[in-house]
Each structure stands twice: as structure tokens, then as C-alpha cells.
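Visitor: coordinates for the following, if possible.
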Amino acid sequence: MTVVAVGACSSDPVEAPPPTITPATAADSPPAAAPPAGEVRTIDGPGLTTVFDRATSSLVVLTGTGSNGSTLAVFPTTGAARTVTLPTPASSLAGDGDGTVYAAVRGGYVRLALAGDVVTPFEVEGAADVDFTAITRRGDGRLTLGTADGAVYTLESDIAVAARLQIFARVDGLAAQGDTVVVLDRGQTSVTTVDPSGDDAGQALRAGEGATTIAADPAGRVLVADTRGGALLVFGADPLILRQRYPVGGAPYGLAGSARLAWVSETATNTVVGYDLATGIPVEKVRYSTVRQPNSLAYDEESNTLFVVSGSGAGVQVIKEAAR
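Guide: As a prediction, this is how the structure comes out:
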């Protein structure tokens, strides 16, 4: 296990960002060789990221970006899908599980109230020109946003900034366990904790050979896909410690945590696998064929339904009774 220095070697880390490697990416999936399990619902364009909202039983998918904004596709578990247009391009999603979804945008974020599809933009104070690339919601309800230039903003209200911590090359993903936020930096292939104040970084660890995605699970763990190294990494968040590393073939990328299984997609093989982490060594329990380019996953605990979102526009796959 290698500890990653979170600061730069220079005396001025803002002017000299930390050294990086070429970030890993999802594999370019081949055409699907087997029919996808479950049902496939159509989607207008590639799915970029997704969250599931428990209160409304709805899957929300960020489906595209463009000069005129981004589109969210909302898939209720019953009823017709609908589309919500955001006023500006978005890069990341987070939800509170209680009917609200947040999308990171340049200069701030957008809040979507799923009841009525009410869209409200928020401009973070002093960040009008900041490119926000990641967003998460802590246990206390505060939002934390990450930026393309390697800063983490912790908000104390809708727009006021409680703390700003700039020590990363780029913030590519955020996951919250309680009020502790874990930062994924693909260029450094590292994970780093940010304390509840938002002012200080805690522990930092190397995350394989080329980490790409991050997700929290209900058991207090943080899951990371090491796409280049071909592994599922399982971290404890407080303190940050690598608890499990398990080889996963087929370029692991999409992640979703659940009370029963940890879900990992293999973009090189159009497959999703459910692993039981309870014994300390991940044990494969189920494996399904997926839509092409299974880049994003979400899971509904109540109905035991796994959602697989295609990054190539092949649709949203719905696998009921997934954790058999």
C-alpha cells in the first residue's frame, strides 16, 4: 500500500500541481455478444452518470451535454419516462434520496425537485468561472463540490462557501460517508479524505494503477474501480484504509453499492457482476450480460433492482431481483 503525497513538491502548490499520470478511462465496449438481461428502456443519447431517488422511485440519468445545456432523463419505476432540460451543461449528479437531485455545473450547481420537475440554479459565491466536475451530499446535508483545477468546495448554505481546499490535480469524483468526503483524483490515481470542516485533508492512498470511478455503499465502505489495474478496491473511510483488493477482468468501471452486493460493470465485456463483500474477500454471486458500454450503475434497495446505463446510447437496462 503506497501513501500518496497530497501536496506538490513546489513551495507553491497552486502554481505547480502535483505530478500526474495519463488518467485511465472506460474501455471502448465491443458490440453486445449476448442479449442484455432484464428489460431495456430507450434513452436519447449516451448516459453520462446516474442516481436513483428512493422517495420517488425514479432513476435520473444525465444524458448529454451541449452548448444549450444538459438533459436529465427521469425513469419512474412505474409510468412513462420524461425529460428535464437543464439551463447549462452539467458534469456530475448527486441525490438526497428524498426527491431532490443536484447537478454540478460551471459556476455552481442546479437543483432538481422531482415532484413537479422544478429546476433551480445556484451560483456558488466567488466561483462564477469555476468548472465544477463533481458533487456529493454529506450526511449533514451539506453539499461538497470538486473542480477541474483540483479544489474541493464545502458549502455552508445554498451558495456560501465554508471551506476551499486546493491540493489535487483534478477532482474526478466524490463520495461521502457521513460527513467525511473521499476525493478521487484520476491523474494521481489516488483517494484522499477531506475532514468535516472542509479545511484539511486527512489520509491519502494510492488507488491502484488507474482508478476511474468511486461510490459509497450502505455499510460505510467506499468502492473504487481500478480500470487500468483490473481490480475492485474497497476502502474504509474513517480512517482511510484499503480493506480489499480483488481482481476484476474486462476493464471494471461502473460502480454501485448496496446492502447485499457491490456491483461492478466490465466495459470490455458488456457485463455486470455482483460481489458479496461480507467475508473480507469479494465473492462473485451473480453475473449478467448488459447493454453496450455499461458505464453507469444504480441500485434500488427496496425493489432489488439494478439499473445499467449505456454510455453509447444503447439504453437503460432494468434487472429486477438482481441480487438473487
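Visitor: and stretch 70-85, end to end?
Guide: Start to finish, the residues bounding stretch 70-85 are 6 Å apart (Cα to Cα, to the nearest Å).
Visitor: scratch that, stretch 45-59 is what I was asking about
Guide: OK, stretch 45-59 end separation, Cα to Cα: 16 Å.
Visitor: what's the answer for stretch 215-226, then?
Guide: Using Cα to Cα, one end of stretch 215-226 lies 12 Å from the other.
Visitor: now that stretch: average pLDDT?
Guide: Average pLDDT, stretch 215-226: 97.
Visitor: what does it contact?
Guide: For stretch 215-226, contacts defined as Cβ atoms under 8 Å, 6 or more residues apart in numbering pick out 24, 175-177, 182, 184, 189, 191, 207-214, 232-237, 243, 245, 248, 252-259, 262, 264, 277, 301. Using the backbone N, CA and C atoms, a C-beta is placed for each residue, glycine as well.
Visitor: I'd assumed Gly178 was in contact with Gly139.
Guide: Yes. The pair formed by Gly139 and Gly178 meets the contact definition of Cβ atoms under 8 Å, at 4.3 Å.
Visitor: circling back to that earlier point, can you flag which of the contacts of stretch 215-226 belong to strands?
Guide: If you go by DSSP state E, the contacts of stretch 215-226 have 175-177, 182, 184, 191, 211-214, 232-237, 243, 245, 252-257, 262, 264 in strands.
Visitor: which among these end up buried?
Guide: Among the ones in strands among the contacts of stretch 215-226, those that count as buried by neighbour count (16 or more other Cβ atoms under 10 Å) are 175-177, 182, 184, 191, 211-214, 232-235, 237, 245, 252-257, 262, 264.
Visitor: Asp238 - how many residues pack around it?
Guide: Number of residues near Asp238 (other Cβ atoms under 10 Å) recorded here: 15.
Visitor: repeat for Ala115
Guide: A count of nearby residues for Ala115, using other Cβ under 10 Å, gives 9.
Visitor: residue contacts, it?
Guide: Ala115 sits next to 56, 99 when contact means Cβ under 8 Å, 6+ apart.
Visitor: now it: how far from Arg82?
Guide: With distances taken as Cβ to Cβ, to the nearest Å, Ala115 is found 13 Å from Arg82.
Visitor: again, but for Leu242
Guide: In this view, Leu242 and Arg82 are 41 Å apart by Cβ to Cβ.
Visitor: looking at those two, which one has more neighbours?
Guide: Taking other Cβ under 10 Å, Leu242 and Arg82 do not tie; Leu242 has more neighbours (17 against 13).
Visitor: isn't Ser92 right up against Asp131?
Guide: No. Contact status for Ser92 versus Asp131: not in contact, 11.3 Å apart, counting by Cβ under 8 Å.
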